[in-house]
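> give me a model of this one.
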Amino acid sequence: MPGVRSPLHRFALFAMLALVPLFGLWWLSVDVLTAALRPAAAWLAQQLLPITTIEARPGQGWMVRTSLKLVATAGSPQFGHSAAFDMANYYCRRLTLAWPALLALLLAPPRPRHLILRIVVAAAALSLLFALSVSAVAFCRVTALANHTAVPACDTDVPPFLVATPAYGPVAFFAARFGYYGALFFLPLVAPAILWLALNPLARMMFLGFGGRRTAAPD
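Numbers count the residues shown, from 1 in each chain. Take a look at the predicted model:
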């Protein structure tokens, strides 16, 4: 049984104690964080999906505008317009859950050398992960639009309009569901541990038995 002074006990105690204020700070600043990450997420979504812009809607989330033209008769209000959908604050915030968890792990002993640099690298990795996750969530909505069907696995109802684009096949639907669940429920829990082990050789030594020398930065 680990003693009170064991490295594993110290790590677990510090990480759990750090999570409380870090999650509080995350809750107070999450909208600022998602606003800062939105331009990069929008740019990546434009490269991967038929999406033109992602606009902020204060207090409501994001408005995602696509390049999928609405099917409408000439003279109707929808003629010439493109489809758009909302991405609620719930999704944007949930995609950043890994941030306080990873910071708590990095701050817990044993801490690696050059901790600040590793935190910067972690922030860059989480920013990329956030942008990819936004595209994964948006892709589920795009498949629903293109096929004019509900996708219950992605909490998406039947769109109220048709779009002029070829329908996606079953492989795309599988990828949309897989990406949606991975982005919202799997990565926020698993990514902090994977990045922590990748960035902290002392953690790899403690938990996996390889990856670094037993020298830590002062607590």
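> the longest helix in this structure is where?
In the chain, taking DSSP state H as the definition, the longest helix is helix 7-48.
> who does the next helix or strand after that helix pair up with?
Per DSSP states H and E, helix 7-48 leads on to strand 51-57 as the next helix or strand towards the C-terminus. When sheet partners are counted by DSSP bridges, strand 51-57 sits next to strand 61-69 (antiparallel).
> now this structure, which segments are flagged as low pLDDT?
1-5, 72-80, 209-219 (pLDDT under 70).
> can you pull out the helices in this structure?
Using DSSP H, helices in the chain cover 7-48, 89-94, 98-107, 115-147, 170-181, 187-199, 201-207.
> take these and write them to TSV, including distance to Asp157 and mean neighbour count.
Any C-beta I mention is one placed from the backbone N, CA and C, and that applies to glycine too. Compiled in TSV, the helices of the chain are given as follows (distance: least, Cβ to Cβ, whole Å; neighbours: other Cβ atoms under 10 Å):
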stretch	distance to Asp157	mean neighbour count
helix 7-48	21	15
helix 89-94	16	18
helix 98-107	29	22
helix 115-147	8	20
helix 170-181	15	16
helix 187-199	25	18
helix 201-207	44	19
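> out of the ones you listed, which gets nearest to Ala83?
Closest approach to Ala83 among the helices of the chain (Cβ to Cβ): helix 115-147, 5.3 Å.
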